[in-house]
Structures are given as structure tokens and as C-alpha cells.
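Asker: got a sequence here, can you build the structure:
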Amino acid sequence: MKIRIYSPSSSLASLGYPWSRHLNDWPDQCFVDVPRGIHRNVVKFISYEGTVYVLKELRTHVAKKELDNLHKLEELGLPVVRAVGLVEKRDEGVEDASNVFTQAQPLIKDMFDRGLLITQFLEGSLPYRVIIQRGINYTKLEQMLDALAQLLVRLHLVGFYWGDCSFSNTLFKRDAGLLTAFLVDAETGETHKKLSKGQREYDLELAHLNIAGDLMDLEAHCGLPNNSDPVDLANLLVSKYHYLWAQLTDPIEIGANEQHKIDQFIERINTQGYDIGELELDTIDRGRRLIVKPVNVEPGFNRKQLQKLTGLLVGENQAKRLLQDIHRYQPYISGLNNREFSLGAAARRWLNDIYQTSLDMIDFKLRDQLDDAEVFHEILEHRWYISEQQKKDLGTIEATKSYVNLRVKQIREASL
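Answerer: This is a model prediction of the structure:
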């Protein structure tokens, strides 16, 4: 047996788990319960030193492929679960009953050759079934479709063909009041330098089929908000994908003296949360017109900007929200000190005096399993709401105090 651990912080290899045994044969006390969806493979959850890990049992060569895909996508900064390790050669020392059937040995060996892929559970995330079964309105369902369309576009931009896009293979996490979709199943994926239109459309066709099936199943079990039709919702996913893809990749035509429109074009793409790595310009009409085409579009524009300014690594929508607050804070701190602060200097002051100070005021039990950036987003939302009520800007620190009082009140009322 061989155990490979790819995360330096993980000590799973030193634990006394029965790695060579089938997951269904492990003692029940090895596992923990977490919100989960439906899996076609055997999937179990274990916990060590406060971190939950996911164990998925599948054929070793498939597990290796999925591990490789997850590593590549994580290196590209895409929203995927973190691959931690792989257990292989689990059948060593086990008597091979296929000796009697010499010709069948390769087939039977393959059946017994079961690898174990280890990934880190995505804290704060939920499978789609849990989200819907807990109660969901049409707006939240549309946010899920938005998030999945975003994920598929981002994968296609880097040349990744998923081959099994579905709600079932996705986890959702709150991101500044919206949702971000994370890929959790990459065993069918393929990495290419660039996807053809045919490859993209076929991947989208499979997504349409899978999403419609997922939603039909849910409709039969618990219903959908507004009596929504599963096929119509799957069609909406396709429409959202096509709209975003066109926004990011379609060329524009401008006059030779309208260079400012290139800046507007880049800003529009940045607003979508993407960065342009390369632009291609072609002249037509004897040089009087320009065709401007984005060649290399990369996701994570706001995340990269925020990380550069503060070192924080958060969700794309969270980053956009935090950047807005930094830009609001810059003229305030400049006026307070009667000197101009650069955006970088303002961001450093904001990180310590506003962001971290606010978070330090909130007890862990009040956070409702939200990460720091999502908690701060809720503070900003609360600040806006209270400021509108009082017809004056409350300020972030005062808004945090009010937010804490509100959360304490909500917890007390829920316990009655």
C-alpha cells in the first residue's frame, strides 16, 4: 500500500485508519456527518484536528486522473476542492481469487484495484439538495444557475472540458450575498490548450441534460419554487452561459479615432470579474476601423486586485465588495489626515483599522459558519441598512456594534 500526501499541513498518513479496507468496511466511528449530496462512488468523511476530509473510493487510474485535474485547476486559481492525497496499491497482500481464472485476471484485478482520493472538505459550502430542501426561493435558485454558468465559463476559458457538469458535482458557498460554485468531481475532465466551439457546446449540452435531471428529481421529492419547470431552468443556465461567454470573448468594432472605447471595453470585462491578458487588434476598411478581440481572458480580476493590496484571498464577489469599501475609505482617511493617501496606503490602514478591528469584535458563535470576508460583507450590508434608517452614515465600527447586538438578539429569539 502507498499513501501520498500532497498537503504539507496534513498528517493523515500517520493516523491509524484501515486504508487497505473498502470504505464500507471501516468502523462507523471513523466517520463524521456533514451535509452531503448523492454520489455515484463510495464517499465518506473523516475529521482530524478540526479539519474535515473527504474520502472517495474509485479505480486507481481514475483517482490519479482526478487528482491531477484538481491540482491543475487549483494552480490556475479556479474554485475547486483541494486535493490532499491518494492511497493506492490497497490490494497488496490480499489473496487474489482470480488465480483460478487465468484469462480473467486482468479484469478481476482492475475490479479490486480501488484507489482512495482524499480532498479537503470545503468549509461553509453546501450541496444543492441541502440548499433547496432547507427552503429556497426563485431568486436563490437563479443565483445557483448564475454561479454554475460562471464556473463553466471559467473552466472553458482555461481549456478545461468538464464532461459531467451538474448540480450533483458542485458545491455552493456564499460570496458577498451571492453564490460561488466549486467543482468537486473532476474524474471526467480533460485539459486542452484551448477548447473548440464544438467541445464547449457539447460540454454545455451535457450540463443542460444533467441539470434538468437534477431538478426533475428534486421536483418529484420536494418541489421547486414558483412551480418552476426543470427544463426551463436548464435552458436558463444555457442562456446565462452564452451571454457571459459573449461578453468576455466577442470582438468589438470601433473607429480608428475611438481608442477610448478600448478602455471602456476592458473596464466592462473587469466589471464582470475578469482580466484581459492579451488583446488582438485588426484594421479593416483601409485602416479606418479596428476589430478589437480579447485573446486571453482570465478570471479573478477582483481577487487579484484585493490580494495585491491587502494580502487577503477571498471569493470574487467578496473581493469586489471589499475593494469598493477600500475605495470609499481612501478619500475619508486622506481628509482625516489632511494629506493624500495612495490606494495601497489606504488599503493597509483599512485592513488594520476597519476590516480586522471589525472582525475582532465578533465572537465566533455569532458568525453562523461564515468566513471572515462574508461576515464583513454582512456588516457592510447592515451598515447600509441602518444608515438608510437613520439618514446618516453610521460608520463601519458603529455598524459592527449594531450588527453584534442584532445577532445576539436573533440567537436568543431562536433559542426560545
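
Asker: run a quick neighbour tally on Lys293.
Answerer: The tally of other residues near Lys293 (other Cβ atoms under 10 Å) stands at 15. C-beta coordinates here come from the backbone N, C-alpha and C atoms, glycine included.

Asker: tell me how far it lies from Gly198.
Answerer: Distance of Lys293 to Gly198, given as Cβ to Cβ, to the nearest Å: 20 Å.

Asker: same check on Leu359?
Answerer: Taken as Cβ to Cβ, the span from Leu359 to Gly198 is 48 Å.

Asker: helix or strand next in line after the helix or strand bottoming out on mean pLDDT in the chain, which one?
Answerer: Sorting the helices and strands of the chain by mean pLDDT, DSSP states H and E puts helix 105-112 at the bottom, at a mean of 52. Next in sequence after helix 105-112, counting helices and strands by DSSP states H and E, comes strand 114-120.

Asker: against which helices or strands is that next one packed?
Answerer: strand 51-59, helix 60-75, strand 82-88 (3 or more Cβ pairs under 8 Å, 6 or more residues apart in numbering; DSSP states H and E).

Asker: need the winner for burial among the ones you listed.
Answerer: Sort the helices and strands packed on strand 114-120 by mean neighbour count, taking mean count of other Cβ atoms under 10 Å, and strand 82-88 sits at the top with a mean of 21.

Asker: just the angle between that one and strand 114-120, please?
Answerer: 160 degrees (axes from the mean of the first three to the mean of the last three Cα atoms, to 10 degrees).

Asker: run through who's touching strand 82-88.
Answerer: Strand 82-88 is contacted from outside by 1-7, 10, 12-13, 19, 53, 60, 63-64, 66-67, 70-71, 74, 115-120, using Cβ atoms under 8 Å, 6 or more residues apart in numbering.

Asker: how far is that strand from where the chain is centred?
Answerer: The chain centroid and the centroid of strand 82-88 are separated by 20 Å under Cα atoms, centre = their mean, to the nearest Å.

Asker: more crowded one of Leu359 and Gly198?
Answerer: Leu359 (15 against 8).

Asker: the helix or strand hosting that one packs against which elements?
Answerer: For Leu359, the host element (DSSP H and E) is helix 357-360. Secondary-structure packing of helix 357-360 (3+ Cβ pairs under 8 Å, 6+ apart): helix 372-390, helix 396-415.

Asker: worst average pLDDT in those helices?
Answerer: For the helices and strands packed on helix 357-360, mean pLDDT drops lowest on helix 396-415, to a mean of 88.

Asker: what angle separates that helix from helix 372-390?
Answerer: Using the same axes, to 10 degrees: helix 396-415 against helix 372-390 is 100 degrees.

Asker: how many neighbours does Arg383 have?
Answerer: Count around Arg383 with other Cβ under 10 Å applied: 22.

Asker: can you give me the distance of it to Tyr403?
Answerer: For Arg383, the distance to Tyr403 - Cβ to Cβ - is 8 Å.

Asker: got it, and Leu67?
Answerer: For Leu67, the distance to Tyr403 - Cβ to Cβ - is 41 Å.

Asker: go on, Thr119?
Answerer: Distance from Thr119 to Tyr403, by Cβ to Cβ: 34 Å.

Asker: for the chain, what spans make up the strands?
Answerer: 2-5, 42-48, 51-59, 82-88, 114-120, 125-127, 160-161, 170-175, 178-183, 190-191, 252-255, 274-284, 289-299 (DSSP state E).

Asker: hmm, Glu74 is touching Leu67, no?
Answerer: No. Glu74 is beyond contact range of Leu67, at 10.8 Å (criterion: Cβ atoms under 8 Å).

Asker: what's the longest helix anywhere in the chain packed up against?
Answerer: Longest helix of the chain, by residue count under DSSP state H: helix 197-221. Contact here means 3+ Cβ pairs under 8 Å, 6+ apart; on that basis helix 197-221 packs against helix 128-133, helix 138-157, helix 230-249.
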